[in-house]
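Undergrad: Can you look at this prediction? I've put the sequence above it.
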Amino acid sequence: MSIHLFGIRHHGPGCARSLVGALEALQPDCILIEGPPEADELIHHVGDPGLCPPVALLVYAPAEPRRAVMYPFAQFSPEWQAMRFAQAHGTTVRFCDLPQAYRLADAEAGTGNDAEPAAPAADDALHADPLRWLAGAAGFGDTETWWDHLVEQRGDSLELFTAIAEMMEVVRNEIAPPPNALESRREAYMRSMIRQAEKQGHQRIAVVCGAYHVPALRRMPSAKSDAELLKGLPKIKLAATWTPWSYGRLTFRSGYGAGVDAPGWYHHLWQRPEQAGLYWLTDVATLLRKHDLDASPAHTIEALRLADTLAAMRERSRAGLGELQDAVRSVYCYDSELPLRLIASELLINERLGQVPASVPTLPLVQDVQALQKRLRLPVRADTSELALDLRETAHLEKSVLLHRLALLDIAWGRRLSVHGKSGTFHERWQLAWEPEFAVKLIEASLWGSTVTDAATACALDRAASAETLPQLTTLVEQILLADLQGAIDGVMQRMQEVSATTPDLGYMLAALPPLVNVMRYGSVRGTDTHALSSILDGLVTRACIALPAGVRALADEAATALMQALVSADQAIRLAQRPDYQTSWLTALEQAAANDATHALLAGRCTRALNEQGHWSMEQTASQLALRCSHALPPLSSAHWLEGFLHGSGSLLIHNEQLWRLIDTWLTSLPADTFVELLPLLRRTFGSFAAPEKRQLSERASQGSGTKAQVSASMPLDETRARRILPALRLLLGSTPAQEHA
């Protein structure tokens, strides 16, 4: 009987290749792999042609899916290759790590047993990465590059794992801190699994585990001591499945503790170990040419020579990723950072997304989503792609409905983009990017129902029941109509009736109007029935118009600023509704608010602006109100607030109306110097909200003093000779003749 320990890096092509060679030579009759025993029944799917890495084992608690753990695997992961070897040779294979049933239960209990012993402050970095000391001793600046050259670019088998075992023995005895309680339990469970394999009569046992654990598994303490470590641990019920993963989620920067820097480069190392550098540089040249950057075959040859030369100068057996990147920077990029960022995104990481076949057992909701994705021809991709939809087409409408339903379930597969140049009601643009974490969210959403429709409907009804304000409910109504959830409409409408009848807050009423009006518009486009909303909208508009004149009085500055944005949005919504009865009531309410001295000056200015824009107040009435609000009888701060509300967001009135310009100019120039300085921040905020062309025109007008271009021109004598020079051009534009002009 023999036990062989293979210490590996969890995602290393060199380790994976050496492991395959060692297993071929050993021909074990049992393989134990560091991983969750809850997923033992899923190992046989590794032989399915439809299971394409990168993929992950998802272990979760069915009663609380948010508590889940992912075990990702790439094609170059040693554990994946060990599973493939076992399936190809009919070898017994199982996972041997401490079950997540214990670990997740222990985390829920919050026992604190996972805490590591404190280390001296000076040794913090060394304890966090004990291999860094070995990398520095070998002349490398970081652990990643050192491990890459020491292990991942090698091709030997059993000898490599013997060297790794000896190295980790030194690390654990001399450098690394003592294992914490969790690590001790994990290693105790692994040893118990080895003993179990021995009792079952296996003669050649191969254990594939992280290199850190090898020294602890070589020394086999008594079974009783290991049993004591595992005694009395809490346990919960778990389930497991396979789910797609991406290379981006295999990187350190994604937060994955066992990640690597460049999974795209490791993919090259696995596929073509002897010529990885050449193929890598060829891919770099192809990528740069795709983006219209200079990259010829001569560049590739020169970069390869430079990388090999750098490797020789650094006393390394072959060019690694560091040498290749230095060569790419010098030959292709001319020391520019922009092409390097493109290469890092497209090639170093290479957002490859794995696939899971339908034969893998999963929840009904996940199967429903996968079936809809397939039927609607919505490919699942890890990189970002755009989708343009015309809602007048049935297939496009169904895609939109699916994306909206998933968004309601907090699965943000698609993000809506603004639409320009097309009808906003008939067209939608989406940006799609599938995240592996969505697998967990789908399992969480399965608590609502077994299909997307049922789950989204139940989720919407639950949100409606817990909503306490009108804006929350009106936003929810918009979401359920966009998602075509007919089963949720009645319940949400009933809740909205209850809340709207007891809502006294003007801000809530105004904030609720835009989503409701949008819903009324979308109803005709999507073919949904919005008749039930009409009575709610009627009552809400009526109550808002009644409450507006009193609701804008005697407010603090902060409250008035918050209310102004709701007032602007509500005004735009009522215009969009195109209902004469709404318009009449609304304008009457605005007029009462604008003319009342108790109305906060900021909101009075905004009401005046809305009345002028809709033609309800003539320019003379508007100028009269401005003259009143900017008179010296009122405090300058009140006048400045009124101007901010009147002018905020657009300076077109000042550009096109001489009377308003003169009134404001007179008020500003008559302010005492100290008062002007005091009001300057508020005035700058007001004029800073204008568009750049408006600022330029106002600046040009102000530079002329109190006069205008027209007045200056009128005061100058007419030069008939210069004026006649433009007559031919005018005749050409107007299509007239000299005779017609004299007539």
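TA: It's in.

Undergrad: Which other helices and strands does the host helix or strand of Trp146 contact?
TA: Using DSSP states H and E, Trp146 sits within helix 143-147. The criterion is 3 or more C-beta pairs under 8 Å, 6 or more residues apart in numbering; DSSP states H and E, and the helices and strands that helix 143-147 contacts are helix 131-137. All C-beta atoms are positioned from the backbone trio N, CA, C, and that covers glycine.

Undergrad: I'd like the distance from the helix it packs on to the chain centre, please.
TA: 37 Å (C-alpha atoms, centre = their mean, to the nearest Å).

Undergrad: what's it in contact with?
TA: For helix 131-137, contacts defined as C-beta atoms under 8 Å, 6 or more residues apart in numbering pick out 125-126, 141-143, 145-147, 167, 171, 175.

Undergrad: Would you mind listing the buried residues in it?
TA: Within helix 131-137, the residues scored as buried using 16 or more other C-beta atoms under 10 Å are 131-135.

Undergrad: which one of these is nearest Pro504?
TA: Arg132 (63.7 Å; C-beta to C-beta).

Undergrad: was I right about His44 contacting Gln87?
TA: Yes - the criterion here is C-beta atoms under 8 Å, and His44 meets it with Gln87 at 6.7 Å.

Undergrad: neighbour count winner among the two?
TA: Gln87 (16 against 12; other C-beta atoms under 10 Å).

Undergrad: Tell me if I am right that that one is in a strand.
TA: No - with DSSP: H, G, I helix; E, B strand; the rest coil as the criterion, Gln87 is helix rather than part of a strand.

Undergrad: contacting residues around the closest residue to it other than its chain neighbours?
TA: Nearest residue to Gln87 in three dimensions, chain neighbours excluded: Gly47, at 4.0 Å (C-beta to C-beta, 6 or more residues apart in numbering). Residues in contact with Gly47, defined by C-beta under 8 Å, 6+ apart, are 84, 87-88.

Undergrad: After the lowest-mean-pLDDT helix or strand in the chain, which helix or strand is next? Please name it.
TA: Every helix and strand in the chain was compared by mean pLDDT, DSSP states H and E; the lowest is helix 709-715, with a mean of 42. With elements assigned by DSSP H and E, the helix or strand that comes after helix 709-715 is helix 720-724.

Undergrad: could you point out which element follows that following helix?
TA: Next along the chain from helix 720-724, counting by DSSP H and E, comes helix 727-734.

Undergrad: Output the contacting helices and strands for the strand or helix carrying Leu372.
TA: Here Leu372 sits within helix 364-375, counting by DSSP H and E. Contact analysis of helix 364-375 by 3+ C-beta pairs under 8 Å, 6+ apart lists helix 438-445, helix 452-466 as its packing neighbours.

Undergrad: Of those, which is nearest Tyr334?
TA: Nearest of the helices and strands packed on helix 364-375 (C-beta to C-beta): helix 438-445, 40.3 Å.

Undergrad: quick one, the closest one and helix 452-466 angle?
TA: 60 degrees (axes from the mean of the first three to the mean of the last three C-alpha atoms, to 10 degrees).

Undergrad: any idea of the mean pLDDT in helix 438-445?
TA: Taken as a whole, helix 438-445 has an average pLDDT of 88.

Undergrad: just checking, what packs against that helix?
TA: strand 55-61, strand 64-73, helix 364-375.

Undergrad: List the contacts of it.
TA: 56, 58, 60, 65-66, 68, 243-244, 363, 365-366, 369, 409-411, 413, 455, 459.

Undergrad: repeat that with 6 Å
TA: Applying C-beta atoms under 6 Å, 6 or more residues apart in numbering, the contact partners of helix 438-445 are 58, 60, 65-66, 68, 243, 365-366, 409, 411, 455.

Undergrad: If we only consider these, which is nearest to Lys237?
TA: Tyr60 (10.4 Å).

Undergrad: before we move on, the earlier item: scan the contacts of helix 131-137 and report the most crowded one.
TA: Result: Trp147 is most packed of these (other C-beta under 10 Å), 21 neighbours.

Undergrad: What about the residue nearest to that residue when sequence neighbours are not counted? Give its phi and psi, please.
TA: Nearest residue to Trp147, sequence neighbours excluded (C-beta to C-beta, 6+ apart): Arg9, at 6.6 Å. Note on Arg9: backbone dihedrals following degrees, to the nearest 10 are phi -90, psi 140.

Undergrad: Give the burial count for Arg9, as a bare number.
TA: Arg9 has 20 nearby residues by other C-beta under 10 Å.

Undergrad: can you map out the strands along this structure?
TA: 2-8, 30-33, 55-61, 64-73, 92-95, 204-210, 239-244, 385-390, 414-417, 427-432 (DSSP state E).

Undergrad: now those strands in CSV, with mean neighbour count?
TA: CSV is the format used below for the strands of the chain (neighbours: other C-beta atoms under 10 Å):
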stretch, mean neighbour count
strand 2-8, 21
strand 30-33, 25
strand 55-61, 24
strand 64-73, 19
strand 92-95, 19
strand 204-210, 23
strand 239-244, 21
strand 385-390, 14
strand 414-417, 16
strand 427-432, 17
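
Undergrad: nearest to Pro515, of these?
TA: Of the strands of the chain, nearest to Pro515 by C-beta to C-beta is strand 414-417, at 14.5 Å.

Undergrad: Show me what that closest one is packed against.
TA: strand 427-432 (3 or more C-beta pairs under 6 Å, 6 or more residues apart in numbering; DSSP states H and E).

Undergrad: Let's see that with 8 Å instead.
TA: Strand 414-417 packs on helix 394-408, strand 427-432, going by 3+ C-beta pairs under 8 Å, 6+ apart.

Undergrad: okay, these in a markdown table with mean pLDDT and distance to Glu159 next?
TA: What follows is the helices and strands packed on strand 414-417, written out as a markdown table (pLDDT from 0 to 100; distance: least, C-beta to C-beta, whole Å):
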| stretch | mean pLDDT | distance to Glu159 |
| --- | --- | --- |
| helix 394-408 | 93 | 51 |
| strand 427-432 | 90 | 48 |
